[in-house]
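K.L.:
Sequence plus the predicted model coming up.
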Amino acid sequence: MQRIRLGQSDLHVTPICLGTMTFGEQVDSPTAHAILDRSLARGVDFLDTAEMYAVPARRETYGATETILGDWFAKRPGARQKVTLATKVAGPSRGMDWVREGKGMTAADIVASCDASLKRLQTDVIDLYQIHWPERHVPAFGNLYYDPAKETSETSIHAQLEALGGLVKAGKVRHIGLSNETPYGVHEFVRLAEQHGLPRVASVQNVYCLISRGLENGLDETMHRLGVSLLAYSPLAFGLLTGKYDQSGIEGPDAPKGARIASYESVRKQRWGRPDALRAARRYNQLARDHGMTPARMALAFCYTKWQVASTIIGVTSVAQLDEDIDAWGTRLSPEVLAEIDKIRWDIRDPAN
């Protein structure tokens, strides 16, 4: 896999990134370490985590994923120098007072979160430090509409950039990024960075998959023209695009045991639990089978080959899943399949946005 440059930075990463949010919840520490070992052995050395993880977010597992990664670094001398490490500072609390008590995300919050992540990760520097979700009130995580009446922003984008710039200057962070952002947010972060000589965002980590392609309606142009790279998360739509729920549905006695949507009511209440999300996924999954592919291979190939995507974040719970996802690299979808994909999107437009 040829390395991809993130934005206008000097950071080059693999086009597949190992997401780790299951570590500490669905995945125990020994299994997580085995997955990390295998990922590194197969050449996927771009790792993404967050202070909030594991997911679903709980007070008891806050910071657990970073701790597992830190333990892995400690037990594998030299491993830290072989990987590109990305983590995230959580935005406003969204009801998680164990992450952040205030409604906003102050400059002091950013610095304190970074210091805590460095300690858990047992490292001196974070290669890519991202704002997990905007400090502003924006539609994210399945919410569709922006409502000015709900705006509670307390820290300006300029102040956030200054805090991040201080971390870069202190040598704690090499590059910065965003996540779950809007076109406006990306424009402002870039504009203010250029105006004030502050660090420029290298990337935005947003959802992108067959049943959630909303970024193609504006955000992709913004990122292309401003030179900011996309890190696509949830390419398999929390498992909907693997076919595992096609027969059983997402809950009930026949739903796959241990699978993410089936296991957690909080997930079923989100975008991945919408009836139309499963309905659309079933159509994409059948399309893959009709063309001799597994559903997962087609869904991953869609992300792996789109011009909008710099790196695709895969989340797994076993070494076998990791191998399957990496093995899908190199798959090319025919013009016929791509046309059929767009026909399905026309019928069921982005049900998991």
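P.N.:
Great, that's in hand. None of these values were measured; they are calculated from a predicted model. Residues are numbered from 1 along each chain as shown.
K.L.:
residue contacts, I157?
P.N.:
By Cβ atoms under 8 Å, 6 or more residues apart in numbering, the contact list for I157 reads 135, 185, 188-189, 192. For every residue, glycine as well, the C-beta is placed using N, CA and C.
K.L.:
what's the closest non-adjacent residue to it?
P.N.:
E188 (4.9 Å; Cβ to Cβ, 6 or more residues apart in numbering).
K.L.:
which residues in this structure form strands?
P.N.:
Ranges of strands within the chain are 4-5, 12-13, 16-19, 46-48, 84-89, 126-131, 173-179, 201-207, 229-233, 309-315, based on DSSP state E.
K.L.:
so can I have JSON lines of those showing distance to E151, mean neighbour count and mean pLDDT?
P.N.:
Below are those laid out as JSON lines (distance: least, Cβ to Cβ, whole Å; neighbours: other Cβ atoms under 10 Å; pLDDT from 0 to 100):
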{"stretch": "strand 4-5", "distance to E151": "35", "mean neighbour count": "14", "mean pLDDT": "98"}
{"stretch": "strand 12-13", "distance to E151": "34", "mean neighbour count": "20", "mean pLDDT": "98"}
{"stretch": "strand 16-19", "distance to E151": "30", "mean neighbour count": "26", "mean pLDDT": "98"}
{"stretch": "strand 46-48", "distance to E151": "29", "mean neighbour count": "26", "mean pLDDT": "98"}
{"stretch": "strand 84-89", "distance to E151": "20", "mean neighbour count": "26", "mean pLDDT": "98"}
{"stretch": "strand 126-131", "distance to E151": "17", "mean neighbour count": "25", "mean pLDDT": "98"}
{"stretch": "strand 173-179", "distance to E151": "18", "mean neighbour count": "24", "mean pLDDT": "98"}
{"stretch": "strand 201-207", "distance to E151": "21", "mean neighbour count": "26", "mean pLDDT": "98"}
{"stretch": "strand 229-233", "distance to E151": "25", "mean neighbour count": "25", "mean pLDDT": "98"}
{"stretch": "strand 309-315", "distance to E151": "29", "mean neighbour count": "25", "mean pLDDT": "98"}
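K.L.:
Next one: the residue most central in space within the chain relative to S318, how far apart?
P.N.:
Closest residue to the average C-alpha location of the chain: Y233 at 3.7 Å, with Cα atoms, centre = their mean. Counting by Cβ to Cβ, to the nearest Å, the gap from Y233 to S318 is 19 Å.
K.L.:
returning to that earlier point: let me have the strands of the chain in CSV, extended by distance to Q270.
P.N.:
Output for these, formatted as CSV (distance: least, Cβ to Cβ, whole Å):
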stretch, distance to Q270
strand 4-5, 29
strand 12-13, 28
strand 16-19, 17
strand 46-48, 20
strand 84-89, 18
strand 126-131, 20
strand 173-179, 16
strand 201-207, 11
strand 229-233, 14
strand 309-315, 15
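K.L.:
low-confidence ranges in the stretch 251-353 of the chain?
P.N.:
Scanning the stretch 251-353 of the chain for pLDDT under 70 picks out nothing.
K.L.:
hey, where'd the helices end up in it?
P.N.:
Here the stretch 251-353 of the chain has its helices, by DSSP state H, counting those that start in this stretch, at 260-263, 265-268, 275-290, 295-305, 319-327, 335-347.
K.L.:
in the stretch 51-200 of the chain, which spans are helices?
P.N.:
For the stretch 51-200 of the chain, the helices defined by DSSP H, counting those that start in this stretch occupy 64-75, 79-82, 107-121, 157-169, 183-196.
K.L.:
Turn the ones you listed into JSON lines, including mean pLDDT and distance to G273.
P.N.:
Converted to JSON lines, the helices of the stretch 51-200 of the chain look like this (pLDDT from 0 to 100; distance: least, Cβ to Cβ, whole Å):
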{"stretch": "helix 64-75", "mean pLDDT": "98", "distance to G273": "23"}
{"stretch": "helix 79-82", "mean pLDDT": "98", "distance to G273": "37"}
{"stretch": "helix 107-121", "mean pLDDT": "97", "distance to G273": "29"}
{"stretch": "helix 157-169", "mean pLDDT": "98", "distance to G273": "32"}
{"stretch": "helix 183-196", "mean pLDDT": "98", "distance to G273": "27"}
